[in-house]
Structure formats: structure tokens, C-alpha cells
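In: Please find the sequence and the predicted model below.
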Amino acid sequence: MTEQNSVQLKGVTRANGNGIDNPAFDFEDIEESGSNKLETKRRKVRLGGYLSKVSRPINATEDYIKAHSVIFKSIVLGILGVGYVAYFIAACVLDFQRATALVVLTVLAVFAKSYELIKKYKGDRIAECCTPLNTCFKSNLRWLKWVFLLVVVVLLVCWLALDTSKRPEQLISFGGVCMFILLIFLFSVHRAEVMWRPVFWGLGLQFCIGLFVIRTQPGFIAFEWLGKQVQTFLNYTIAGSSFVFGPELTAKVFAFQALPIVVFFSSVMSILYFLGVMQWLILKISWVMQITMGTSATETLSVAGNIFVGQTEAPLLIRPYLQDMTKSEIHAVMVGGFATIAGSVMGAFISFGIDPSSLISASVMAAPCALALSKLSYPETEESAFTSEKNIKVACGDEQNILEAASNGASASIGLVANIAANLIAFLAILEFINNALSWFGGMVGFPEITFELLCSYVFMPVAFMMGIPYDESFTVAELIGTKLFLNEFVAYEKLATLKINRLNGLDELIGGERQWISVRSEIITTYALCGFANMSSLGIVIGGLASICPSRKGDISSLVLRAMITGTCVSLVNSCIAGILFVPPLDCVKLFQISDFNAADTNIKKCCQDLFQSTINNGTISFEGLWSVVANVTTYFNECCLCCGSSVAVCN
């Protein structure tokens, strides 16, 4: 190699002759750099060895805890259990009345857990012991079925005869149930293929739930308490919405008052799904309906889910099975969505002033009725692949922790909130346009008072009357039914809330020939009738939602959706008829106070004053909660009650 030859190294030329030296490149530097790297590596090895020795006890402890994780978990659960028992006993000893809710929740949790443990460890043995009884029951099932049916019919007839003797208007509601069932049967797709077991059992379950909630003292107290707790829980929304929008807007503007509740409730529901609470509850409800009604696992699970979530969210529980479901099952899934309302939207209705216990019970009662009427409208003619629930798994979320679940729930509600706001803007504007157009056309022939509501009042008046609404109030309720069907339930409930507030404020029943309020019984019946998503605007939502989940069944979904919406509407109307049969109007304290001279000897006055006292908060200044918070002249009524009945009541002093 000559001096003129150059050396190539890593793309850099170093010439020993006439070439140009690169000062940034030097072999000595490379050697020095290599020694530094070697020294650094040795230091890291020594440091790693030192850290390994130091962390050896920590690793050993961690391995020991993992090896005995079951024992440690049992110890922690035992400590928490003992702590809760001590807390529970202390709460009951200090004030048992105050701890009633805690006792009820604890008993329910203990019962549910005990049932699961018994089923897991002793279920096979119990089933084996009951085998002879089960065999005997199956061998005599045919005549036992007829005996049971005869007993139920006799009891129903006797109960109706005795119960309606004082209130004949209840028979009209019973006639309404029969009318709606007959109409659905006449327009059924396959009348000869109707299986009556799910129909009768579904209506029976609906009636039993209504009887428990409306007539029995424990059921009424339980659902009234649950409604108050939901209302109190939803009031926590004010903390977030006031911070974001300010207290003035939150208190006065609908968009900043009701819509944030949807966000809050959606976030809470997402957390409950992450914790597995909702899945457990839905599975238990669907199990009860499946074993009694004989419906398939998938359709029952979806309808049970509709009690808590919306018409497009509930089918996600059975998403993997939709493509293999029969047409009758898909129809039942859609009917369940149309016949119920989501928990998040229910919260917004409660914020209007709608009775929360009626909303909750209406949504629960609608589930078995939806399955019953769906099987009457579109009977099963195919072989279902999901008769057993063993191979059905409930879909869960993908959240990694509770914070992500809360965030995802809030984010998911953005579309729902925007949809509600957009629909309200659009439909109220369309309603105003239609009313003005009808008034213009009517004015041409001397009838400028024609409106959309007026047309609905005449078209749906027979429906309202058959629900049990008095004739003079049926036109007003018919307007609300038409508004809900052709616009949406938000607009209808807002109008119902206005009627309720007018009654509580003591307005005249008729002003200028226009009814300002309806009776308490009509309010409750109407609350049940409007409880559902069955309206024209929901048709597109259902088609789009289900088709996106299962594109292969879009044709079946589109062909069945209108029938499902009509059936879902009938479910809500039958629900209202059941409420009309069972509901006994309570004492109207506001009306009584308006016409009373506050005689202390009157038992009704005493009862109403006691209710007013229980709703009073005295923190230096008197304030009222619940129903009394929106009653006009409530302070005057309070003073009169204190004079005649409240000499020993703390809030009066």
C-alpha cells in the first residue's frame, strides 16, 4: 500500500499523503472512548449486583405474598367484614329508623350472596333431592296447568268484582287491557302460531309488579324511597353543571338543567357496568322472565337490559348472537327498546317534576309486557338457537379501571345529549310550523283554532278514555299521547310537568275554555302511557343502531321496525291501563288546603299537615323539599298547620 492510498473507514476518508485530514476522527479517540464505555459497563454491572442484593428481600416478600395470595385476600376480606358488621351494629343501635335503608340493602346483599354460594356448593345435591318431586310435577303438568289457570282467572274475577265496586272507573282500564290485546292479536303476523304461555305469563308478571308497587304498603314505600333516592342522587349534578355553566343558567335554562343529568347518569351507569353490578342485575331479571315465559335467552336478556339502558345500548349485550337470531327474537329486541326508557333519560324526566316512583315502576313493568305482546304480534315460527342460557355470555366493557369507565360513560353521553337537544329544537320548531300552517288553512274556512294538538286530542281520545282517563280530561291526555308518538316523549313529559305544576300552584281548572291541569290519577296513568321510546323519530335510530351492530340483518330490521314501534306503543298503553286498574287516588292535600278551614279535628287535615311537616327543613329559615317545594302559598299552609296541628312539632317552633 503506497502513501497515496487512502483508508476508508465508516464512510470517512483519511489520506496520509496529499489528502485532507478530518480532525473529528482519531484512532486514539476511539480507543479512549472504548475504554470509557467498558468502565461504564463495569459500573453498571456492579450497581446492578448491589441493587439485586438490596432488593432480594423485597422480591422474596413479593413472591411469598403471591404464593399465599388467597390467604391474604381472605384476611383482608375478613377484616373488612368485621369492620362492616361493627359499623352496621353501631348504626342500628344509634338510630334504627335512620338505618332502615342500610338494613334493607344489607339484607338484600346477604340474601343474594347466600343464594349464589348455596347454588354453587349445594346446587347439585338440592337438585338431586328434588328429582322425585320434579318428575311428579312433569308427569302431571298438563292438568296442573289448567288448574293453575282456572284458579288465577277465578281470583282475578273475584278481585275485580270486589275492588271495582267502590271505583267503577277501574273496569274501563281493564277493558282497555282486553281491547289492546285483542287488536294486537287481530293484526298478528301468524295468529294460528301464537304461543299463549309467554303472553299470559308476561301480563301476569306485569300485573304482579304493579300490584306490589301500587297497592302493597311495602312495595309503595320501597319504590317511593327508591324514587326519592334517585332524585337526591341526580341533584348532585348541580355541583358539576353550576361550576361549568354558572348557578343562574343551571337554575333557569333547560339545556343547563336537565341535559347535564344525562351526562352524570351515563357516567354512573358506565361505572356500574365496569363493576359488574348491572350485568348481575340484568341476568337475574332475565332469568326470572325466561323460566316463567319460556322465551329465548338472547331476547330476554336484551329486554331486561332495556330497563336500565337505551334501545341501542341494550342489544350490545347480545351483539355476537344477533346474526343467528330468528325474526321473532329480533322483533322482541326492538319492542323492548321502544317500550322502555333509558335510566339516563329517566333522570331528565324526574328533573321536570315527573313522579320518580311511577317512572321506575313503569320501566320495570314494561319488560315482561314487551316480551308478551311481541310474541303476540310476531309469534315464533322458527327454531331458536338460544333456548338455553348456558352458552350466552354477557358482553362487558373494555375499560381498564373505574376512572376510565367514568370518563368513557361521560364521553359516550355527548352524542345522546346532542341528539336530545337537536331533536327538541327541531321538533318544537316543526310543531310550531305545523300549528301555524293548520291555523292558516283552517282560517280559510273559519276555523283558525285548528292545531296539531287539537287533531291529536280527537284522534287519540278513545285511547285515553279506555286507559281510564275521565271523559272531560281525555282530550288533554290524548294530546300528550299524540305528541309523544309523532314528536317525542321529551316534549310530552314537559307538557305533563306543566300541567302538574299548574295543579300544585292552585290555578283554575279551566281558563278561557282551556284545561290547565288534570287530576292526580290521570297524571299517574299518563306517566305510564308516555314511558317509552316509541315514536317516529326513534325509527331511524333503531334501524341505524342495530344495522351498525349486525349489518347482515339490516333487511329484517327495516321490515320489522314499524310493527315493533306500534307494539311498543301498545305496551306503554297496556302499562297505563294496569296503573288505572290498580291506582287509588291519594288525598289531594293542596286542593284540601285551598278549600279547608284547617279544623284540627279533621283527620285528613292532620294527615296532610303531617306530610307537610315531614317535607319542611328549618335551618334558621323555613324551606320545603319534594312535592311541596313547588306549591304556591306553601308558607301560608305551613303557618295554618302550625296553628291547628303543630304545637309540639319542632319545625313550628
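Out: The structure has been received and is ready for your questions.

In: low-scoring stretches of the protein, by residue?
Out: Residues of the chain meeting the criterion pLDDT under 70: 1-51, 54, 251-255, 257-258, 388-397, 619-620, 626, 646-651, 653.

In: What segments of the stretch 401-550 of the chain are strands?
Out: 510-511, 514-515 (DSSP state E, counting those that start in this stretch).

In: what sits against residue 286?
Out: With contacts defined as CB atoms under 8 Å, 6 or more residues apart in numbering, residue 286 is in contact with 297, 300-301, 303-305, 389. Heads up, the C-betas are built off the backbone N, CA and C, glycines and all.

In: what about the strands in the chain?
Out: Assigned by DSSP state E, the strands in the chain fall at 6-9, 12-15, 510-511, 514-515, 616-618, 622-624.

In: ranking the strands of the stretch 401-550 of the chain by burial, who's on top?
Out: strand 514-515 (a mean of 12; mean count of other CB atoms under 10 Å).

In: Give me the sheet partners of that one and which way each runs.
Out: strand 510-511 (antiparallel) (DSSP bridges).

In: Please compute how far the partner strand lies from its chain's middle.
Out: Mean-position distance between strand 510-511 and its chain equals 36 Å (CA atoms, centre = their mean, to the nearest Å).

In: if we can go back for a sec, distance to residue 445 added to the strands of the stretch 401-550 of the chain, as JSON lines?
Out: Listed next are the strands of the stretch 401-550 of the chain as JSON lines, based on distance: least, CB to CB, whole Å:
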{"stretch": "strand 510-511", "distance to residue 445": "27"}
{"stretch": "strand 514-515", "distance to residue 445": "22"}
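
In: Show me the one of those that comes nearest residue 379.
Out: Comparison of those against residue 379 by CB to CB identifies strand 514-515 as nearest, at 41.7 Å.

In: Please enumerate residues in contact with that closest one?
Out: Contacts of strand 514-515 (CB under 8 Å, 6+ apart): 472-473, 475-476, 509.

In: Would you write a ChimeraX line that selects the buried entries of these?
Out: In ChimeraX syntax, the buried subset of the contacts of strand 514-515 is picked out as below (16 or more other CB atoms under 10 Å):
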select :473,475,476
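
In: Nearest to residue 115 among the contacts of strand 514-515?
Out: residue 473 (45.9 Å).

In: OK, contacts around that closest one?
Out: Residue 473 touches 515, 518-519, 522, counting by CB under 8 Å, 6+ apart.

In: Can you show me the helices along the stretch 351-500 of the chain?
Out: For the stretch 351-500 of the chain, the helices defined by DSSP state H, counting those that start in this stretch cover 356-377, 402-443, 452-459, 461-467, 471-486, 489-504.

In: Make JSON lines out of the ones you listed and add distance to residue 550.
Out: As requested, these are exported to JSON lines (distance: least, CB to CB, whole Å):
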{"stretch": "helix 356-377", "distance to residue 550": "18"}
{"stretch": "helix 402-443", "distance to residue 550": "20"}
{"stretch": "helix 452-459", "distance to residue 550": "35"}
{"stretch": "helix 461-467", "distance to residue 550": "34"}
{"stretch": "helix 471-486", "distance to residue 550": "27"}
{"stretch": "helix 489-504", "distance to residue 550": "26"}
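
In: so which of those helices comes closest to residue 244?
Out: helix 402-443 (12.1 Å).

In: mind checking how far that closest one is from the chain centre?
Out: 20 Å.

In: same check, this time on stretch 203-221
Out: Centre to centre, stretch against its chain (CA atoms, centre = their mean), the figure for stretch 203-221 is 18 Å.

In: Now that stretch: buried residues?
Out: Residues 203-207, 209-210, 212-214, 219 are the ones in stretch 203-221 that count as buried (16+ other CB under 10 Å).

In: again, but for stretch 166-174
Out: 167, 170-174.

In: Report the backbone C-alpha coordinates of it in PDB.
Out: Listed next in PDB are the C-alpha coordinates belonging to stretch 166-174 (Å, rounded to 0.1, in the frame of the first residue of the first chain):
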ATOM      1  CA  LYS A 166    -116.200   1.300  45.000                       C
ATOM      2  CA  ARG A 167    -114.400   2.600  41.900                       C
ATOM      3  CA  PRO A 168    -116.200   1.500  38.700                       C
ATOM      4  CA  GLU A 169    -113.800   3.600  36.600                       C
ATOM      5  CA  GLN A 170    -111.200   0.800  37.100                       C
ATOM      6  CA  LEU A 171    -113.300  -1.500  34.900                       C
ATOM      7  CA  ILE A 172    -112.800   0.800  32.000                       C
ATOM      8  CA  SER A 173    -109.000   0.400  32.400                       C
ATOM      9  CA  PHE A 174    -109.500  -3.400  32.500                       C
END
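
In: and that stretch, how far out from the chain's middle?
Out: With CA atoms, centre = their mean, you get 30 Å for stretch 166-174.

In: swap in stretch 269-288?
Out: Using CA atoms, centre = their mean, the offset of stretch 269-288 from its chain centre is 12 Å.

In: Quote the end-to-end distance of that stretch.
Out: In stretch 269-288, first residue to last residue: 23 Å (CA to CA, to the nearest Å).

In: and of the strands of the stretch 401-550 of the chain, who's closest to residue 159?
Out: strand 514-515 (33.1 Å).

In: Distance from the chain centre to that closest one, please.
Out: How far strand 514-515 lies from its chain's middle: 33 Å, per CA atoms, centre = their mean.

In: ditto for stretch 455-462
Out: For stretch 455-462, the distance to the chain centre is 30 Å (CA atoms, centre = their mean).

In: Can you give me the buried ones in it?
Out: So for stretch 455-462, counting by 16+ other CB under 10 Å, buried means 455-457, 460-461.

In: May I see those residues organised as TSV, with distance to residue 553 added?
Out: TSV is the format used below for those (distance: CB to CB, whole Å):
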residue	distance to residue 553
455	36
456	34
457	39
460	33
461	38
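
In: nearest to residue 433, of the residues you listed?
Out: residue 455 (14.7 Å).

In: my guess is that closest one meets residue 486, correct?
Out: No: between residue 455 and residue 486 there is no contact under CB atoms under 8 Å: 10.0 Å.

In: so who does residue 303 touch?
Out: 286, 289, 314, 332-333, 335-336, 367, 370-371.

In: Identify the farthest-apart pair in these.
Out: Farthest pair in those, by CB to CB: 286 and 335, 15.2 Å.

In: Got a PyMOL select line for the buried ones in the contacts of residue 303?
Out: In PyMOL, a selection of the buried entries from the contacts of residue 303 looks like this (16+ other CB under 10 Å):
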select buried, resi 286+289+314+332+333+335+336+367+370+371
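
In: Let's see which of the contacts of residue 303 end up in helices.
Out: 286, 289, 332-333, 335-336, 367, 370-371 (DSSP state H).

In: do you know how far residue 334 is from residue 206?
Out: As judged by CB to CB, to the nearest Å, residue 334 and residue 206 stand 19 Å apart.

In: again, but for residue 169
Out: According to CB to CB, residue 169 stands 20 Å off from residue 206.
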